[in-house]
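Predicted model follows, preceded by the sequence.
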Amino acid sequence: MDGNLYVLLYHESISQSIFLSAPKRAILWGMKAFWNQTIVDAADIRISPSDLGMLRGYTVFDVMPVENGHGFLWERHYDRLCRSAESIGMAVPISREVYGAAIEDLIHQSETAELVLRTVLSGGPSENGFAPNPGQETFYILAEERHRLPESVYDEGVKLITLPYERYLPQVKFANHAISLWDIKRRQTEGAFDTLYVSQGLISEASQGNILIMKDGVLITPREEVLWGITQGVVMELAEQIGMSTEWRGVTLAETLAADEVLLTGSSKGIVPVVRIDDTVIGDGRPGPGTARLALALADLVQEQNA
């Protein structure tokens, strides 16, 4: 009976699982997805209640922005998804070529011009709710409406708050954001944009992006114990192209607080200037010139990639 079907929706930039009964499927109207090797209405995706993604959090995912009608740097996103999957014993069920064709078709058939593409791979249904069945994984690509950040975020910068936390298997892009979701109320109370994770005096990453700092003209970002971000890597490449020195190394919280500039990067948000961490003002409390140069270089790259 249709009322007993459930759809697993990963909504906006929040990696939170929500079960929707059929009467509520209207929330997905107009959204398209790649599912079972074809493009379908997102409301027609059907996920087993025994899927290990829901029962055990056995899920990896990727979020890719669409720029000028194309998946931006989609090859890098596909490769990272494969690395994440392989790290926990799964495999992406389609080739790079098929993936590229699928996202182009999905973008073309979507009714919304401003999109992000969310790719989800979970363990699939399990007979005992614990053991996976290789080859039965759940896989789909969802075209979601993109909600860009207000310009004030880029013009004025944002605040981060710190949290002692070390992610398990940081190189894997898990869909489990329980810690981030748990910390939402504190961020709202303190007027913070995101949470910066700190362990043993070292920063790692934010809950929804990577951290880079600039000191004396050198752009520095952590390499170990973090998820290697697509935008993080691109920004480091662009920095070298425009004559900046770069370093991939451990970064302490103390040097982050003393940095001239701090940047938060992510595929959907680009480069966000950080002007305060907890009660410490970064630099002069305004987005700096280095951040502006990098943001301009990234904007140019977006245009070049889709010219």
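In hand now; what should we look at?

The residue lying closest to residue 93 once chain neighbours are set aside: neighbouring residues, count only.
Spatial nearest neighbour of residue 93, chain neighbours left out: residue 139 (5.2 Å); criterion: Cβ to Cβ, 6 or more residues apart in numbering. Every residue, glycine included, has its C-beta placed from N, CA and C. Residue neighbour count, defined by other Cβ atoms under 10 Å, stands at 19 for residue 139.

Assign residue 139 to helix, strand or coil.
Using DSSP: H, G, I helix; E, B strand; the rest coil, the structure places residue 139 in strand.

Distance-wise, check the residue nearest the centre of the chain relative to residue 266.
The centroid of the chain falls nearest to residue 63 when counting by Cα atoms, centre = their mean (5.1 Å). Residue 63 is 8 Å from residue 266, where distance means Cβ to Cβ, to the nearest Å.

Ok, residue 290 next?
18 Å.

ok, and what's touching stretch 72-85?
60-62, 64-66, 71, 91-92, 96, 99-100, 103, 119, 121, 171-174, 228, 230, 233-234, 267, 302, 305-306 (Cβ atoms under 8 Å, 6 or more residues apart in numbering).

quick one: average confidence on it?
Mean per-residue pLDDT for stretch 72-85: 96.

Can you give me the buried ones in that stretch?
72, 73, 74, 76, 77, 78, 80, 81, 82, 84, 85 (16 or more other Cβ atoms under 10 Å).

tell me the two of those that are most distant?
72 and 85 (21.0 Å; Cβ to Cβ).

just to revisit the earlier point, and the residue nearest to the centre of the chain, what helix or strand is that in?
strand 59-67 (DSSP states H and E).

CA-only coordinates of stretch 154-174 in PDB, if you can.
Backbone C-alpha positions of stretch 154-174 (Å, rounded to 0.1, in the frame of the first residue of the first chain) are rendered in PDB as follows:
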ATOM      1  CA  TYR A 154      31.000  37.200   2.500                       C
ATOM      2  CA  ASP A 155      31.000  40.900   3.100                       C
ATOM      3  CA  GLU A 156      31.100  40.800   6.900                       C
ATOM      4  CA  GLY A 157      32.500  37.400   7.700                       C
ATOM      5  CA  VAL A 158      31.300  34.900  10.300                       C
ATOM      6  CA  LYS A 159      31.900  33.600  13.800                       C
ATOM      7  CA  LEU A 160      33.000  30.000  14.700                       C
ATOM      8  CA  ILE A 161      32.800  28.300  18.000                       C
ATOM      9  CA  THR A 162      35.200  25.600  19.100                       C
ATOM     10  CA  LEU A 163      34.400  22.100  20.300                       C
ATOM     11  CA  PRO A 164      36.800  19.400  21.500                       C
ATOM     12  CA  TYR A 165      36.100  16.600  19.100                       C
ATOM     13  CA  GLU A 166      38.000  14.200  16.900                       C
ATOM     14  CA  ARG A 167      36.200  12.600  14.000                       C
ATOM     15  CA  TYR A 168      36.500   8.800  13.500                       C
ATOM     16  CA  LEU A 169      37.800   8.000  10.000                       C
ATOM     17  CA  PRO A 170      38.100  11.600   9.000                       C
ATOM     18  CA  GLN A 171      39.000  10.800   5.400                       C
ATOM     19  CA  VAL A 172      35.600   9.300   4.900                       C
ATOM     20  CA  LYS A 173      32.600  11.600   4.100                       C
ATOM     21  CA  PHE A 174      30.100   9.900   6.300                       C
END
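
Name the residues of that stretch that are buried.
154, 157-163, 167, 170, 172-174.

Which of those fall in strands?
Counted as lying in strands by DSSP state E, out of these, are 158, 159, 160, 161, 162, 163.

so where do the helices sit in the stretch 101-250 of the chain?
151-156, 178-182, 184-190, 230-241 (DSSP state H, counting those that start in this stretch).

For the first one, enumerate the helices and strands it packs against.
Going back to what we said before, that points to helix 151-156. strand 270-277 (3 or more Cβ pairs under 8 Å, 6 or more residues apart in numbering; DSSP states H and E).

Low-confidence regions, this structure specifically.
1-30, 306-307 (pLDDT under 70).

and it, what are its domains?
2-145, 151-305 (automatic domain parsing).

Quick one: end-to-end distance for stretch 183-200.
20 Å (Cα to Cα, to the nearest Å).
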